[in-house]
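# quick one, fold the following:
(chains A and B)
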Amino acid sequence: MKQEKREMRRRGPAFRQVKAAFLDTVPVLTGYLVLGFGFGVIFRSHGYGVLFAAAMSIFVYAGSMQYVAVDLITGGATLLATALATLMVNIRHLFYGISMIDAYKDIPRKPFLIFTLTDETYSLVSHREAVEKQEDPARYCFLVSLFNYSYWIAGSVIGAALGAVLPFSTEGIDFALTALFLTIFTEQWLGTKEHLPALVGLGASLAALLLLGSDDFLILAMLLILALLWLLGRREVKRHE
Amino acid sequence: MNNARVIAMIAVISAVTVALRFLPFLIFGKGRKTPPFLSYLGRVLPYAIMGMLVVYCLRGVTLLSAPHGLPEAIASATVVLLHVWRRNTLLSILGGTVVYMLLVQLVF
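Below you'll find the predicted structure:
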């Protein structure tokens, strides 16, 4: 009886969906554990322990911003400067929201899905061909979001708890996130005949990077992308109207 | 810095981040028909953003001094070639990351 139940769980659609979501988030698992761990270690080295690291990861949940936040906190920034810095670093999240409006229109657990829309989660749930192949796309999006969220919190709590002790060198493991984005970029490229949007993203970002340097290029990149896509899209939007 | 102040800063960072994530849905959600241009953006943005995120991840690479971005270039090429070859996401990511770790730890 027990075995039968286990068998059913193993083969049931719910289990399969959990498994598919988990496998797709494995790259994020490695990246988030390492980057979260790094954040926890750094935050602790400035005297802020597990509770602060956990609070930051639970309520902010934005990778690069949390590293910037350590600088802001230790540097004694004002609340206004903190708000502005957050706006600059995280403004790209507006993009994610805009592109998920239709996909998340009537989805269950919508507030949670929106709150957990990080770069990495977005890269998985915005991959519509992959999501729509799932038995239960809404559940898949929820599980991917939940898994990623828990990896990040776990990584930062472990980092803050342990400090800087690891038995082997993990130098370079954060490339997993670059590799994740590159893989999705390649997969999208292979899956469509329409390469202009991808080229616009690459080209505009490179141009902005060359013009402004690595600290400030993101906002210009986004404006360029919007302007170019608007030019490209005018014809197409007219056709749909 | 005292704890109350740190908590206030975390609250501010959280509030701004959450606002940025929810804003598009609050403005255009709730049964209203999404404007055609935004629907179009929703369709093409994922392609453009993935290109942007790749550049964003590699923004710190210095081409003018050693190792001239070689570890990143080799590892990125590994990811793309593996993916074109097998189209197995996990293999591409794992392969590229292992190559990168070996390069930065043992070669460069």
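# walk me through the domains of chain B.
B:1-45, B:58-108 (automatic domain parsing).
# any chance of these in TSV, plus mean neighbour count?
Yep, even glycine has a C-beta here, placed from its N, CA and C like the rest. What follows is the domains of chain B, written out as TSV (neighbours: other CB atoms under 10 Å in any protein chain shown):
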stretch	mean neighbour count
domain B:1-45	17
domain B:58-108	17
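# would TSV of the ones you listed with distance to A:Arg44 and mean pLDDT be doable?
Converted to TSV, the domains of chain B look like this (distance: least, CB to CB, whole Å; pLDDT from 0 to 100):
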stretch	distance to A:Arg44	mean pLDDT
domain B:1-45	13	87
domain B:58-108	24	90
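# nearest to A:Ile73, out of the ones you listed?
A:Ile73 lies closest to domain B:1-45 among these, at 5.7 Å (CB to CB).
# now check the closest one, is it near chain A?
Yes. Residues of domain B:1-45 contacting chain A under CB under 8 Å from any CB of the partner chain: B:1, B:6-18, B:20-25, B:28-29, B:34, B:36-45.
# which helix is the longest one in chain B?
helix B:3-28 (DSSP state H).
# ok, then the element right after that helix?
helix B:36-57 (DSSP states H and E).
# with just CA atoms, put that following helix into CSV.
In CSV, the C-alpha atoms belonging to helix B:36-57 read as follows (Å, rounded to 0.1, in the frame of the first residue of the first chain):
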residue,chain,number,x,y,z
PRO,B,36,-0.6,46.3,-28.8
PHE,B,37,2.8,47.8,-28.5
LEU,B,38,3.3,46.3,-25.0
SER,B,39,2.1,42.9,-26.2
TYR,B,40,4.6,43.2,-29.0
LEU,B,41,7.3,44.1,-26.5
GLY,B,42,6.3,41.2,-24.4
ARG,B,43,7.0,38.9,-27.3
VAL,B,44,10.3,40.3,-28.5
LEU,B,45,11.8,41.6,-25.2
PRO,B,46,12.9,38.1,-23.9
TYR,B,47,15.2,37.8,-26.9
ALA,B,48,16.7,41.2,-26.5
ILE,B,49,17.0,41.0,-22.7
MET,B,50,18.8,37.7,-22.8
GLY,B,51,21.4,39.4,-25.1
MET,B,52,21.5,42.3,-22.6
LEU,B,53,22.0,40.0,-19.6
VAL,B,54,24.9,38.2,-21.4
VAL,B,55,26.6,41.5,-21.9
TYR,B,56,25.7,42.5,-18.3
CYS,B,57,27.4,39.4,-16.9
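# what residues are up against the residue sitting nearest the centre point of chain B?
Against the mean C-alpha coordinate of chain B, by CA atoms, centre = their mean, the closest residue is B:Leu53 at 3.8 Å. The contact partners of B:Leu53, taken as CB atoms under 8 Å, 6 or more residues apart in numbering or on different chains, are A:119, A:123, A:181.
# how near is it to A:Ser64?
In this view, B:Leu53 and A:Ser64 are 11 Å apart by CB to CB, to the nearest Å.
# after the helix or strand bottoming out on mean pLDDT in chain A, next one along is what?
Averaged element by element with mean pLDDT, DSSP states H and E, chain A has its least confident helix or strand at helix A:2-11 (a mean of 56). Using DSSP H and E, the helix or strand that follows helix A:2-11 towards the C-terminus is helix A:13-45.
# ok, and for that next one, which residues are buried?
Applying a neighbour-count criterion of 16 or more other CB atoms under 10 Å in any protein chain shown, the buried positions in helix A:13-45 are A:17-18, A:20-21, A:24-44.
# near chain B, which of those residues show up?
With the criterion set as CB under 8 Å from any CB, the members of these near chain B are A:24, A:26-27, A:30.
# format those residues as a markdown table; extra columns: pLDDT and distance to B:Met101.
Converted to a markdown table, these look like this (pLDDT from 0 to 100; distance: CB to CB, whole Å):
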| residue | pLDDT | distance to B:Met101 |
| --- | --- | --- |
| A:Asp24 | 92 | 22 |
| A:Val26 | 90 | 16 |
| A:Pro27 | 84 | 14 |
| A:Thr30 | 84 | 11 |
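# closest one to chain B out of those, please.
A:Pro27 (4.4 Å; CB to the nearest CB).
# quick one, what contacts that closest one?
Going by CB under 8 Å, 6+ apart, A:Pro27 touches A:176-177, A:179-180, A:183, B:89-90, B:93-94.
# what ranges do the helices span in chain A?
Under DSSP H, chain A gives helices at A:2-11, A:13-45, A:50-59, A:63-74, A:79-90, A:92-100, A:110-115, A:119-125, A:128-132, A:137-162, A:175-190, A:196-212, A:217-240.
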